[in-house]
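Novice: got a predicted structure plus its sequence, pasted below:
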Amino acid sequence: MTEKFKVFDREKIITKYEGLKLIYEEKEKQIERIIQEQYTLLLRTIDKLQPELVWLIQRNYYFIHPGFGNYKSRKGPILRVSEDARYMYVYDVKKAELVKLDMHDDFKECLANAHEVVGNDYFMHSMEGVLYTRELLSEYNNRINTILVNLEDQLKNYHDIVNNL
């Protein structure tokens, strides 16, 4: 009697597992669909900004990302940097493709795929990197203004010191 009860319980549990597996697989498909939509939106955004990106490239501006400190790229907008800081993901304006640069191997490059660029919650980083191109010149002007003010202050301070000798 106990054996029949255990077999019945196992069958119920396996049936439950099958249901949970189907739910899981459906969620995986939804996630994949959303990642593809995010990737498409990223590419559409890049396409809309293409004239601006080309203008910046032609004038030899570095691209920077607001969230990744001192990393710079002359190829195009920085989309993300890997957690171990080995790879930088960039949109290469001249080649019109998303690339992964190995910062530990002379910036050797290879093509990047959608999962590398927008998967695992990287979408926001990538979009911020592309959209930040609209703020690049303002950022450069802020930085150079800070340098100018610091240099003027240093000069004034030492003029004052020398004049008071």
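Specialist: Structure received.
Novice: so where is this protein shaky, pLDDT-wise?
Specialist: 1-8 (pLDDT under 70).
Novice: remind me what the helix or strand containing residue 35 packs against, helices and strands.
Specialist: Element membership for residue 35, per DSSP states H and E: helix 2-58. Here helix 2-58 touches helix 114-118, helix 123-131, going by 3 or more C-beta pairs under 8 Å, 6 or more residues apart in numbering; DSSP states H and E. Where C-beta positions appear, they are placed from N, C-alpha and C, glycine not excepted.
Novice: please find the angle between the direction vectors of the helix or strand just after the longest one and helix 2-58.
Specialist: Taking DSSP H and E as the definition, the helix or strand that follows helix 123-131 towards the C-terminus is helix 136-163. Here helix 136-163 runs at an angle of 60 degrees relative to helix 2-58 (axes from the mean of the first three to the mean of the last three C-alpha atoms, to 10 degrees).
Novice: could you find the closest non-adjacent residue to residue 62?
Specialist: Among residues not flanking residue 62 along the chain, residue 72 sits closest, at 4.1 Å (C-beta to C-beta, 6 or more residues apart in numbering).
Novice: quick one, what contacts that neighbour?
Specialist: 62, 63, 64, 78 (C-beta atoms under 8 Å, 6 or more residues apart in numbering).
Novice: with residue 144 instead?
Specialist: Counting by C-beta under 8 Å, 6+ apart, residue 144 has no contacts.
Novice: how far away is it from residue 157?
Specialist: Counting by C-beta to C-beta, to the nearest Å, the gap from residue 144 to residue 157 is 20 Å.
Novice: which ones among the contacts of residue 72 are found in strands?
Specialist: residue 78 (DSSP state E).
Novice: compare the contacts of residue 72 and tell me which is most surrounded.
Specialist: residue 78 (28 neighbours; other C-beta atoms under 10 Å).
Novice: would you agree that one is in contact with residue 64?
Specialist: Yes: using C-beta atoms under 8 Å, residue 78 is in contact with residue 64, at 6.8 Å.
Novice: shared neighbours, those two?
Specialist: Joint contacts of residue 78 and residue 64 (C-beta under 8 Å, 6+ apart) are 71, 72.
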